[in-house]
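1. Sequence first, predicted coordinates after that:
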Amino acid sequence: MGVHNYILVFLLLNGVYGINQLRGDSVDYRSAFDQDLYEDVLNEDLCNRQLSLLMNGTEYLDFLDASGKFPSGFRQGNWHDFGDYFQCLGINKVIENVEIPGKYCAVQIPLTQDPFDIPQFPSTPGPDGWPEWPEDWPPLFPTAAPSTASPGTDPEEVSSTTEAALAPPTDDQVKAYENYMRLQAYARGISGLAPEAPESRFFPIIITANLRSMIGVCIPRACTPTHAIDFFQSRIPFVNFTYNEYYCRLPEDKPFATADIVAIVIFGIIGLVTIMSTSYDLYQTFVLKRDAQRINQIYACFSVYTNTRRTLTFSSSPGMLECVDGIRAISMLWVVVGHTYSMTLIGFIHNTVEFMASLSYFKSTWVTSAPITVDTFFTLSGILAVYTVIGKISRRRFIRTIHLFYLNRLLRMFPLLAAMVLLQASLFNHASDGPYWINQAAATENCRTYWWSALLHIQNYVNPLNVCLPQTWYLSVDIQLYIICPLVLVFMFGHEKIAWMVLTAFVLLSLVGSSVISFMYNFSAALANPGRLPEFSDYLRKYYFNTLARAPPFFIGMVYGYLLYLCKDKKIRISKINVAILWCLSFAMFAFCIFSIYPVMQLDHTAQTFDNFLNSYMRSIWAIGLGWLIFACVHGYGGPINWFLSLQVWKLPARLSYAVYLMHMAVIFTGTGSWVKTYYYTEGNNMYRFMGDISISFIFAFVLSVLIDAPFSTIQKILNGTSKRRPRKPVESVNPIAVVKDEDNFVKTSL
């Protein structure tokens, strides 16, 4: 067995098992489409008449042309052909006053078919030079149908060639495709699309064999796929393929739901208020030429002019953690890269064998290790939770206003999150279309069903396999850790020894919890481990989305936040040799966390203890290295690293990182759902997709920040009494949402 194919043996042992493992509490994505429309167009008598009319002429060729064929690249794992989705839906033939519009359907053809013999054509060519259609066969068309062979071709060659093309796949190809289907189930799981719809006429997931090819077929609208395909198969007596209906699509089959109406109303009101506010602001500024301090902030809070200016204006102040901007921006880019690569799998890949083999390549390590980036944000959250509170308020004041500590954090993140949940539940479903749009439909139904758990930040426990906005599992865990952190913060207002004791206790408890979970369940250390995909749903629920298992980087971040507070405005002297040693240790930690995934992804990896160690401590090691990097940059030991991370170019991406984080998966879903052909994987194509995904995400993030995030941030600050127009209050009265930097109504968070 070749190395490329042998690599794939790890990935899927059985297609049915992989999908059933992820079934969970199913969300029926069929609801995103008009099921009544599908039922209303069916008419068996009309279907029979339409099929007969098509067979009496050449109009059937348009339907045949729009249908999938035997796919090219079969030996490289391309066992699917979508056909031409838009051509099919655009067909509208009229024959003998009978209108025959097209309907696109997908069928799954098991590759383990019963063998059949293709009879040979007569050896004597007909008058036109083509082999004649045998007289004892039913006529395929009104006139003799030409063979696919050219005139003068040996009939035996025609038969043998056809038999070879229809021969069963080899063992290597079978294993390659089995592996790919298991990994596709994994990708659907991590994207919140794992559960499949129950069986029905139009969107069944009927898997009667592990290996199946998805073929798009174009049929008359009044027919079911079974009716139409059986009709055509009956015209060729020796052909009897078995197949399963998958789904059908019609033009305008995405009806407006309640969520669409709510979205139009809410965003329409916001748009109207934005126009009025912008007009008021421009009139006051350019006509009356009033100073910005004299313009009513409430009336101007939705002004596009003011909010755009503030978004693009940056300032520095003492105590700012300048390097955090670069860390946040680069980490968000890495997150989008990882999702661009992993979400490739929710579609169909042309060169499956090559893609699957690439997972174990060393050059792919930077992608397979991308999940570690999440722990960067957990660490930053821990640092900012301490650094932005301790020293700005007394313990008594903090305890008395603890409700504001929570409320302001939740309200600060709510507007953008609510906007994105509403967009995903409504307008994104209408943004585009394609032959495999059902993934976007599943994401839409997840948000229509579980919008409340997304806004309450409890998705990682309530619906971990049907997450509304799949990336927001992190937000749920982060908020839960933020709710816990005052138990530590309250001890940081007093003696340092007590603070260090409490911090150490929470770090150790979190490490113990993570270790117990890791060694109890023996999970893989790699999110996309080729050999461990059957346990993926348990991995998500019991470890990856588990707040206790993900807590260590957050509490280690709190340690560094307290250290930064203690050393604030102080000159820290560290010898050059110690600085060099600490930087070497930091780089070694980063390298270990990134490259330790490489052996885990190999065929012969069986060291479960090593996996348990990585799951227990790898994320903490990453947090320790990152904490030193920030500490060194803040206190003048960062050198060129601090210069690079503090560049102005990172300011805007860092400011928009939260909006990009919420937006980018919807952009990726829209892109992959619009594919009209199977995707040919190359590094260049994926990087090209990444550049498109990140660019579009940043554009939409900027728009959402100006229209939604900035206005509601201003309103919140006015209500909290922290607006810049108000005089600064004594330290004792500072609101507990005091932040690292407060520039023009922007509050800094870990994202």
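-> Now that the structure is in, tell me what you want to look at.
2. Surely Glu99 is in contact with Glu59?
-> No. The pair Glu99 / Glu59 is not scored as a contact, 11.8 Å apart, by C-beta atoms under 8 Å. Where you see a C-beta, it was placed from the backbone N, CA and C, and this is true even at glycine.
3. which residues are in contact with both of these two?
-> Lys93 (C-beta atoms under 8 Å, 6 or more residues apart in numbering).
4. quick one, which of these two is more surrounded?
-> Shown here are Glu99 and Glu59; by other C-beta atoms under 10 Å, Glu59 has more neighbours (17 against 13).
5. Find the nearest non-adjacent residue to the more buried one, please.
-> Nearest non-adjacent residue to Glu59, counting by C-beta to C-beta, 6 or more residues apart in numbering: Lys93, 4.9 Å away.
6. in which helix or strand would I find the one you found?
-> strand 92-95 (DSSP states H and E).
7. Does anything pack onto whichever helix or strand comes after that strand? Which helices or strands?
-> Note on strand 92-95: by DSSP H and E, the next helix or strand toward the C-terminus is strand 98-110. Counting contacts by 3 or more C-beta pairs under 8 Å, 6 or more residues apart in numbering; DSSP states H and E, strand 98-110 is packed against helix 44-55, helix 60-66, helix 85-90, strand 92-95, strand 212-220, helix 225-233, strand 244-249.
8. Reformat these as CSV; add distance to Pro552 and mean neighbour count.
-> As requested, these are arranged in CSV below (distance: least, C-beta to C-beta, whole Å; neighbours: other C-beta atoms under 10 Å):
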stretch, distance to Pro552, mean neighbour count
helix 44-55, 62, 17
helix 60-66, 55, 18
helix 85-90, 47, 19
strand 92-95, 61, 14
strand 212-220, 43, 24
helix 225-233, 52, 18
strand 244-249, 44, 23
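9. Between these, which one is closest to Ser596.
-> Ser596 lies closest to strand 212-220 among the helices and strands packed on strand 98-110, at 36.3 Å (C-beta to C-beta).
10. Now the closest residue to Ser646 other than its chain neighbours. Its backbone dihedrals?
-> Excluding the flanking residues, the one nearest Ser646 by C-beta to C-beta, 6+ apart is Glu322, at 4.0 Å. The phi/psi pair for Glu322 (degrees, to the nearest 10) reads phi -60, psi -40.
11. so Glu322 makes contact with Arg328?
-> No. Glu322 is beyond contact range of Arg328, at 11.4 Å (criterion: C-beta under 8 Å).
12. re the thing from before, can you pull the contacts of the residue nearest to Ser646?
-> 316, 633, 642, 645-646.
13. could you flag which of the residues you listed are buried?
-> With burial judged by 16 or more other C-beta atoms under 10 Å, the buried subset of these is 633, 642, 645-646.
14. Columns pLDDT, distance to Tyr387 and secondary structure on top of those, output as a markdown table?
-> As requested, the buried ones among the contacts of Glu322 are exported to a markdown table (pLDDT from 0 to 100; distance: C-beta to C-beta, whole Å; DSSP: H, G, I helix; E, B strand; the rest coil):
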| residue | pLDDT | distance to Tyr387 | secondary structure |
| --- | --- | --- | --- |
| Cys633 | 96 | 14 | helix |
| Asn642 | 96 | 17 | helix |
| Leu645 | 96 | 17 | helix |
| Ser646 | 95 | 17 | coil |
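15. now those residues as JSON lines including distance to Met558?
-> Below are the buried ones among the contacts of Glu322 laid out as JSON lines (distance: C-beta to C-beta, whole Å):
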{"residue": "Cys633", "distance to Met558": "19"}
{"residue": "Asn642", "distance to Met558": "22"}
{"residue": "Leu645", "distance to Met558": "21"}
{"residue": "Ser646", "distance to Met558": "23"}
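16. What's the local residue count around Thr504?
-> Thr504 has 12 nearby residues by other C-beta under 10 Å.
17. sorry, that was for Phe590
-> Using other C-beta under 10 Å, Phe590 is surrounded by 16 other residues.
18. Same check on the one 10 residues further on?
-> Around Val600 sit 22 other residues, with neighbours defined as other C-beta under 10 Å.
19. ditto for Trp500
-> 16.
20. Please give the element, helix or strand, for it.
-> Going by DSSP H and E, Trp500 is part of helix 496-521.
21. State the next helix or strand along the chain beyond that helix.
-> helix 536-539.
22. what residue ranges in the protein score low on pLDDT?
-> Scanning the chain for pLDDT under 70 picks out the ranges 1-26, 114-211, 236-239, 722-751.
23. so what are the domain limits for it?
-> By the assignment in automatic domain parsing, the chain contains the domains 3-115+168-249, 312-733.
24. what sits against the closest residue in space to Asn43 that isn't next to it in sequence?
-> Nearest residue to Asn43 in three dimensions, chain neighbours excluded: Ala222, at 4.4 Å (C-beta to C-beta, 6+ apart). Shown in contact with Ala222 (C-beta under 8 Å, 6+ apart): 41-44, 46-47, 50.
25. hang on, the earlier thing: does anything pack onto the helix holding Trp500? Which helices or strands?
-> In terms of contacts (3+ C-beta pairs under 8 Å, 6+ apart), helix 496-521 is packed against helix 486-489, helix 547-550, helix 552-566, helix 608-613, helix 619-634.
26. by contact count, what packs against the third one?
-> For helix 552-566, the helices and strands in contact under the criterion 3+ C-beta pairs under 8 Å, 6+ apart are helix 373-387, helix 496-521, helix 619-634.
27. what residues does it touch?
-> By C-beta under 8 Å, 6+ apart, helix 552-566 touches 321, 375, 378-387, 390-391, 478, 481, 485, 488, 492, 496, 499-500, 503, 506-507, 510-511, 514, 617, 619-620, 622-624, 627, 630-631, 634.
28. before we move on, which element is the residue positioned nearest the centre of the chain in?
-> Nearest residue to the geometric centre of the chain (C-alpha atoms, centre = their mean): Met665, 4.2 Å. Met665 is part of helix 657-673 when elements are defined by DSSP H and E.
29. Return the angle between stretch directions for the following helix or strand past that helix and helix 657-673.
-> Note on helix 657-673: by DSSP H and E, the next helix or strand toward the C-terminus is helix 683-704. If you take axes from the mean of the first three to the mean of the last three C-alpha atoms, to 10 degrees, helix 683-704 sits at 130 degrees to helix 657-673.
30. buried sites along helix 683-704?
-> Within helix 683-704, the residues that count as buried by 16+ other C-beta under 10 Å are 686, 689-690, 693-694, 696-698, 700-702, 704.
31. now swap in stretch 28-39 and tell me
-> Of the residues in stretch 28-39, 28-35, 38 count as buried by neighbour count, 16+ other C-beta under 10 Å.
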